[in-house]
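Engineer: Next one to model:
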Amino acid sequence: MPVLPRNLADEPLAKTLPVALLLHLLLIGGVGFIPGINPQAYLSPVLDITLVQTHSEKAPDEVDFIAQANQQASGNSDQKNRPTSPLSSLLPNEAEGDSPVQTEASMTEAVPKLQPQILTTKGETFKRVDKSPEQPEEEQPEIAPERSDATQEIAQLLAEVDEQEARYARRPRIHFIDAVSAKSAVEAEYIDAWVKKIERVGNINFPEEAVRRQLSGKLILNATLDHQGRIVDTQISVSSGYDVLDKAALRIVTLAGPYPPLPDDIRRKWDQLNITRTWLFHSGTLDTQ
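Structural biologist: Residues are numbered from 1 along each chain as shown. Here you go, the predicted model:
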C-alpha cells in the first residue's frame, strides 16, 4: 500500500505553538509598561509629627505643624520654621548638606598605620639575664642600749620611790620630846613621872663595876613608847665613852617598864612617843636632864 505524505498544518502542535509564543511576548514586554500605575501609591502614608518643648492651653487657629501638644507660634521670622531643640541630638543627622559624608575609607586614611617593629640583637643571642636582687625587708630599728638602760633605771627609781612612800605611809606617827622642846601640861606631867621612875630604878640598879672603878660619864638616850607605854625601841645617840655605862642605861630603861599608857591628848595625834634625855652617872648616882 502506498504511503500518503503528512500535512504539518493539520498537527495540533503546529496550531498552538504560535499562540503560546504570542502570549509570552505580551507578558514579558507589557508588565513594566502598563500606563497609569504609580509605584508610590502602594506605599503606606507617613505622618510627620514635630515634638515641641513647651505647650499652651489654647490651641492655635492656624496649624503649621503637627505636634504632641498645643503651642502658639512666636518669633520675628515670616517663614514657617520647624521648632528645634537647643541641644543637639545624640544620633547623627543623615540629611544631605555641604559637608561630605565621611566614608570608611577616609576614616581609615586618617588613622596612621602602625608598622611592626623588629628588634634585632648582635652578639650572643641566648644570654642569661640575672633577676634583679630582691629588696631586703626593712628591719625594725633596735632600741639603743643607752635608751634601754635609762628606761630601766627610771623604772627602778620609780619603784624605789613607791616603796618609800608605802613605807612612810605605814610608819607610825611619832611625837619627839627632848629637854628643850616646848611641852603642853599633859606632856610635861607624863615626862616628869617617866623621869622619876627612871632615876629611882637606875639608882637601885646602878652598875657595881662603875662604882668599883669610880666611873663617871654622860650619855644621850632615846626611848620610844607605844600607846600602852611599852618600850618599842631604845638607842644611844651619844655614847659616854664607857661601854659599862652605855649598857647600864639601856638595861635600866628596860627594867623600869612598862610605863603608864600615853594620855588621850597624845594618842589622838600620835601613835608613839619618843623621849630623848641626857643621863649622868656620877659617884654612884644617876641623874637625867
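Engineer: Compute the distance between residue 213 and residue 222, please.
Structural biologist: Per CB to CB, to the nearest Å, residue 213 is found 26 Å from residue 222. Quick note: C-beta positions are derived from backbone N, CA and C, even for glycine.
Engineer: And those two? Which one has more around it.
Structural biologist: It is residue 222, of residue 213 and residue 222, that has more neighbours when counted by other CB atoms under 10 Å, with 17 against 11.
Engineer: Could you verify that that one is part of a helix?
Structural biologist: No. Read with DSSP: H, G, I helix; E, B strand; the rest coil, residue 222 is strand and lies in no helix.
Engineer: Surely it is in contact with residue 238?
Structural biologist: No. Applying CB atoms under 8 Å, one finds residue 222 not in contact with residue 238, separated by 9.9 Å.
Engineer: Show the backbone phi and psi for residue 235.
Structural biologist: phi -160, psi 150 (degrees, to the nearest 10).
Engineer: Any idea what it is bridged to?
Structural biologist: residue 222 (DSSP bridges).
Engineer: How many neighbouring residues does it have?
Structural biologist: Residue 235 - counted by other CB under 10 Å - has 10 other residues nearby.
Engineer: Residue 202 too?
Structural biologist: Neighbour tally, residue 202, other CB under 10 Å: 23.
Engineer: for the stretch 1-150 of the chain, which spans come out with low pLDDT?
Structural biologist: 1-15, 29-147 (pLDDT under 70).
Engineer: name the helices or strands packed onto the longest strand seen in the chain?
Structural biologist: Determined from DSSP state E, the single longest strand within the chain is strand 272-282. Packing partners of strand 272-282 (3 or more CB pairs under 8 Å, 6 or more residues apart in numbering; DSSP states H and E): strand 174-177, helix 185-204, strand 217-225, helix 243-256, strand 285-288.
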